[in-house]
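Visitor: Quick one: sequence plus predicted model below, questions after.
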Amino acid sequence: MAFTASSSSQSLPLGWPSEPAPPGDHAFSVGYLSRKALPIKRNDAEPLTREDVQFDLLNYIFADTNSVFLNPYSGKQERVPFCDLYISALYNSNKCSKVLKDKMVETPAFAIELAKISLLTNVGRINTTMAFFPEMKTALRTYHPDAPRIKNCLKAALLPSEFKSVHPSTPQEIMEKIRAGQRPPTSVVNLIFVLSNHAAPLASIHFDGSLNFLDLFLPGSLSSADRARAFLWHIFHYLETPELPNPFDDNYSRANRGKAPLLHHLSESEMRRENVDTKEEIDWGQAMSGQRNIFLHKLVSTMEYEKRNKAAPQFVPVTPENVSRRNRLSRAADVPPQEEAPFMHYVPKHDPGPGPSSSRKPANREPQPLPPSPSTVVPRQEERTMLQHAWHVITTTDPLVDSDEEIPDEHIRLDYSKHSNPSPTKCYYSPAW
């Protein structure tokens, strides 16, 4: 289950991609390669190993007891180890929930483990596509605390003075605040974001140019203890001061101001003794993978069953009978008729009275179905103009009345007859809606 990789050069950490770097200066190439290899990539339900998260590196970082960092959240000038400083930053984040805060206070061991995962998210080693719930339907990569929520918590982990102002986003801006006497110049979380984003240009400043800040978190042949020391050196250098002696200096960094401590390469036997998974961790990872695979199998089976049993759409030819029936069903369901229904005219059930140019007098009885009986004498009506007829139809028709229930008047019949037998020299416009 351990993550395996190879390297063609001792100066490059294991796990770097074999593809060539883009053309450009060497510092950019180093930063490009680190960014490409940085996020942990695992298949769904595949557990992380100690090698993946660099467990020993995290242990060295959070087990350091040097109380050299000023805690800006305590309200007093006290200095604490990095572990306490980082946990305080998470605890005081505006996005840290009350439940999470209570858990951190009640169980200090949980707070430390949360801080370790948060640090990996802080540098980009864990991205926000990961989550640890076995029964989530989103695309998962492995199991660990919910990365998206951790990322939101980290982004809001600022100094009290930074909530209403713009926090520094470059190493130069951080140094300017230090020279101006602001200690600390920003939160430890924001500092790590800045160092991660500017790892490439800082590679030749604090290292020899063959590796950078992000390489400290990648699997490789470099000593975990040395990488942890170099990381803490960066934090003190930018949070406290670059002028005073750094408590994480070694002989090399003391002799070369501004350079991080040297990193030593391990032999193959020494590498095998680092980041070794315990049997309990392996068994737990396999159990969680099995639980996830069972859920995925059930989910896929359910989706396939629903797909097979889903009723296929039925296509009915459009005929006058089907349209009339569909309209009746629509009215029964209190749904307006479909727009694709064929064009038809509508008239009110009661005679609305004479139109603008009609010579007919109002009737005192209900209108009778047309055509009239042979004994009925219907006076000749003056023909409406196109505009008058359109206005009459729009203002007097009921769209909820079906065509076979309509009682058209003389003008409707006249308009219909002209559309049925159009004259080659004259045409009429009938509004459709």
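Guide: Structure received.
Visitor: Any regions of this structure where pLDDT drops low?
Guide: Low-confidence regions of the chain, defined here as pLDDT under 70, cover residues 1-36, 131-145, 311-382, 397-433.
Visitor: Swap in 50 and give it another go.
Guide: Counting by pLDDT under 50, the low-confidence segments of the chain come to 1-29, 140-144, 333-368, 370, 372-378, 401-406, 420, 423-433.
Visitor: now the strands: where do they sit in it?
Guide: Along the chain, the segments classed as strands by DSSP state E run 69-70, 79-80.
Visitor: which other helices and strands contact the first one?
Guide: In terms of contact count using 3 or more C-beta pairs under 8 Å, 6 or more residues apart in numbering; DSSP states H and E, strand 69-70 is assigned the packing partners strand 79-80, helix 224-239. (C-beta placed from N, C-alpha, C; glycine too.)
Visitor: From Lys95, how far out is Arg257?
Guide: 38 Å (C-beta to C-beta, to the nearest Å).
Visitor: So which of the two has more stuff around it?
Guide: The residue with more neighbours, out of Arg257 and Lys95, is Lys95; 15 against 11, by other C-beta atoms under 10 Å.
Visitor: Does that one touch Asn152 like I think?
Guide: Yes. Assessed by C-beta atoms under 8 Å, Lys95 is found in contact with Asn152 at 4.7 Å.
Visitor: if we can go back for a sec, adding distance to Trp284 and mean neighbour count as columns, could you present the helices and strands packed on strand 69-70 in CSV?
Guide: Below are the helices and strands packed on strand 69-70 laid out as CSV (distance: least, C-beta to C-beta, whole Å; neighbours: other C-beta atoms under 10 Å):
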stretch, distance to Trp284, mean neighbour count
strand 79-80, 32, 16
helix 224-239, 23, 22
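Visitor: Go through the strands of the chain and name the closest to Leu214.
Guide: Closest of these to Leu214 is strand 69-70, at 21.6 Å (criterion: C-beta to C-beta).
Visitor: what lines up beside that closest one in the sheet?
Guide: Strand 69-70 pairs in its sheet with strand 79-80 (antiparallel), by DSSP bridges.
Visitor: got a list of contacts for the partner strand?
Guide: 67-71, 74, 88 (C-beta atoms under 8 Å, 6 or more residues apart in numbering).
Visitor: Looking at the residues you listed, which one is closest to Lys298?
Guide: Of all those, the one with the least separation from Lys298 (C-beta to C-beta) is Ser88, at 42.8 Å.
Visitor: and that closest one, what is it in contact with?
Guide: Taking C-beta under 8 Å, 6+ apart, we find Ser88 in contact with 71, 73-74, 80.
Visitor: Would you reformat the residues you listed as JSON lines and include distance to Leu38?
Guide: Formatted as JSON lines, the contacts of Ser88 follow (distance: C-beta to C-beta, whole Å):
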{"residue": "Asn71", "distance to Leu38": "29"}
{"residue": "Tyr73", "distance to Leu38": "29"}
{"residue": "Ser74", "distance to Leu38": "33"}
{"residue": "Val80", "distance to Leu38": "29"}
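Visitor: Among those residues, name the ones in helices.
Guide: When these are checked against helices (DSSP state H), there are no matches.
Visitor: Please pick the buried ones from the residues you listed.
Guide: Among these, those classed as buried by 16 or more other C-beta atoms under 10 Å are 71, 80.
Visitor: Widest-spaced pair of the contacts of Ser88?
Guide: The largest distance within the contacts of Ser88, taken as C-beta to C-beta, falls between Tyr73 and Val80 and amounts to 9.7 Å.
Visitor: if we can go back for a sec, and the helices and strands packed on strand 69-70 as CSV, adding distance to Ser187?
Guide: Putting these into CSV (distance: least, C-beta to C-beta, whole Å) gives the following:
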stretch, distance to Ser187
strand 79-80, 14
helix 224-239, 9
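Visitor: buried sites along stretch 81-98?
Guide: In terms of neighbour count (16+ other C-beta under 10 Å), stretch 81-98 has its buried residues at 81-93, 96.
Visitor: What of stretch 152-163?
Guide: Burial within stretch 152-163, assessed by neighbour count using 16+ other C-beta under 10 Å, is assigned to 152-154, 156-159.
Visitor: Distance to Asp249 added to those, as TSV?
Guide: Compiled in TSV, the buried residues of stretch 152-163 are given as follows (distance: C-beta to C-beta, whole Å):
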residue	distance to Asp249
Asn152	36
Cys153	32
Leu154	28
Ala156	33
Ala157	28
Leu158	29
Leu159	26
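Visitor: from those, which is closest to Leu263?
Guide: Checking the buried residues of stretch 152-163 against Leu263 by C-beta to C-beta gives Leu154 as the nearest, at 26.2 Å.
Visitor: Distance-wise, check that closest one relative to Ala89.
Guide: Here the criterion is C-beta to C-beta. By it, Leu154 lies 9 Å from Ala89.
Visitor: I am finished for the moment; much appreciated.
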